[in-house]
Structures are given as structure tokens and as C-alpha cells.
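Sharing a model prediction with you, sequence too.
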Amino acid sequence: MARMIPVSLDPDTLTIALAGHGAAALRRWRLLGEGGAATALCYADAPDAELETAAGSRYRQGLPDDASLAAMDVLWVVGMEDEAAGLLAARARRHKVLVNVEDRREHCYFHNTAELRRGLLLITVSTGGRSPGLAQRIRAHLAQEFGPEWAERLDQLGERRNQWRQEGDELPALAAKTERFLTQSGWLAEPAPHRE
């Protein structure tokens with residue numbers, strides 16, 4: 001059983017790339033863009049007009065060579081034939097690149113999460129690759145609970161937190177004031193009691 005350690009990657013500090021083609025690669029490329037990967041490169045192992053249009057000047061026909069792999073931190077491989085994807089993943093790993101081959105757990109250093117974005121609020125769900133369908137279903141449920149208004153709510157709370165920090169509050173006081181603010185706002189229901 002795969003155990004996972006969740007992290008959020010800062011795309012401004014990493015060299016990110018995608019390799020592949022097809023509808024799934026285009027979907028992943030768009031998700032990378034939504035996550036702020038403005039300098040990511042897109043390598044297409046087969047001609048893909050839609051992906052080329054979406055990636056623009058960051059589109060590269062063909063797979064990354066060893067020099068390109070050595071410069072990468074993270075690589076998503078999507079829509080490639082199994083053998084070619086496995087070979088690319090192995091080459092990437094030799095260069096210490098974190099690699100994900102979509103729907104091929106044996107080639108992955110990490111798994112994708114189902115993600116819900118509300119401005120800078122990012123809510124993710126992971127099943128460790130065991131059931132992406134379940135993760136998507138839970139994500140859809142959370143989307144009903146956390147609507148578009150949460151982008152503005154996070155901005156409001158972030159401004160309050162900045163003000164509290166300027167007033168000299170440290171982490172315990174910030175946590176207490178955040179909890180008090182959320183209770184008074186009524187934005188979140190009280191958590192249900194834990195059941196064993």
C-alpha cells in the first residue's frame with residue numbers, strides 16, 4: 001500500500017515540464033497553468049495541434065533530451081504509450097526528477113490529487129492512486145460546500161491576518177483570532193463529533 005506525504009509545489013521556484021499528447025495531456029497542461037506554472041515546458045511525443053496552441057512558445061515537438069531532463073525538477077508524463085512512458089520516466093529518475101506517469105503507479109514518484117481551486121484556496125483529495133474516481137467524487141462534493149465565494153473570503157481573512165501580524169501577534173494568537181473570526185463569520189459549520 002502506498003503511503004503519501006502531501007505537499008504543495010511553488011511553480012515559481014521549480015522547473016516543471018509535461019510530456020505527452022492528447023486530451024489528457026491538454027487537461028493536465030491546463031491544470032498546471034491554473035496552478036501558476038507559467039514557465040513550464042510542454043514536450044509532445046506526437047503532433048498535437050490543440051496542445052501546441054495551448055502551450056504556445058513553450059511547446060516542443062519531441063521528447064526532452066538528457067540535458068533538458070537534467071534541468072527539470074518535476075515532470076508529468078501523460079498520454080504516451082506504456083513502454084515509451086516507462087522509458088522516459090526511468091531517464092527522468094536518473095536525473096533526480098520527480099516524475100508522474102498518469103495512471104501508471106509503478107512509474108510515479110508522486111500521485112496527482114483531485115483539486116478544487118477557489119482563488120488562492122486550494123483543496124485537494126488523494127487516494128494514493130488507488131481510486132481516482134473516488135477522489136473526483138469527493139472533490140465534487142467539496143465543490144458544493146466551498147463555492148466561488150471562498151476566494152473572496154480567503155482574501156478577507158488574509159488581510160485580517162496581515163493586520164494582526166503587524167500588530168505583533170504570533171502564531172498562537174493568530175490561530176486563536178482566526179478561529180474566533182471564522183466562528184463569528186458563520187462561514188463554517190461546527191465540526192461534527194468524531195465517530196469511531
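Cool, the structure landed. Since this is a predicted model, take the numbers as computed values, not measurements. Numbers count the residues shown, from 1 in each chain.

how near is Ser8 to Leu14?
Ser8 is 11 Å from Leu14, where distance means CB to CB, to the nearest Å. C-beta coordinates here come from the backbone N, C-alpha and C atoms, glycine included.

the more surrounded of those two?
Using other CB atoms under 10 Å as the criterion, Ser8 and Leu14 rank with Leu14 on top: 14 against 9.

quick one: the more buried one is in a strand?
No. According to DSSP: H, G, I helix; E, B strand; the rest coil, Leu14 belongs to no strand; its state is coil.

Now do the same for Glu159: helix, strand or coil?
On the basis of three-state DSSP, Glu159 is classed as helix.

Please name every helix or strand in contact with the one helix or strand Val77 maps to.
In this assignment (DSSP states H and E), Val77 forms part of strand 74-78. Contacts defined by 3 or more CB pairs under 8 Å, 6 or more residues apart in numbering; DSSP states H and E place strand 74-78 against strand 16-20, helix 23-34, helix 82-94, strand 98-101.

which other helices and strands contact the second one?
Applying 3+ CB pairs under 8 Å, 6+ apart, we find helix 23-34 packed against strand 16-20, helix 49-55, strand 74-78.

With just CA atoms, put stretch 93-104 into PDB.
The C-alpha atoms that make up stretch 93-104 are tabulated as PDB, following Å, rounded to 0.1, in the frame of the first residue of the first chain:
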ATOM      1  CA  ARG A  93      14.500   9.400 -12.400                       C
ATOM      2  CA  ARG A  94      18.200   9.000 -13.300                       C
ATOM      3  CA  HIS A  95      18.400  12.800 -13.300                       C
ATOM      4  CA  LYS A  96      16.600  13.000  -9.900                       C
ATOM      5  CA  VAL A  97      13.400  14.400 -11.500                       C
ATOM      6  CA  LEU A  98      10.100  13.900  -9.600                       C
ATOM      7  CA  VAL A  99       8.000  12.100 -12.200                       C
ATOM      8  CA  ASN A 100       4.400  11.200 -12.500                       C
ATOM      9  CA  VAL A 101       3.200   8.900 -15.300                       C
ATOM     10  CA  GLU A 102      -0.600   9.400 -15.300                       C
ATOM     11  CA  ASP A 103      -2.400   6.200 -14.300                       C
ATOM     12  CA  ARG A 104       0.800   4.200 -14.100                       C
END
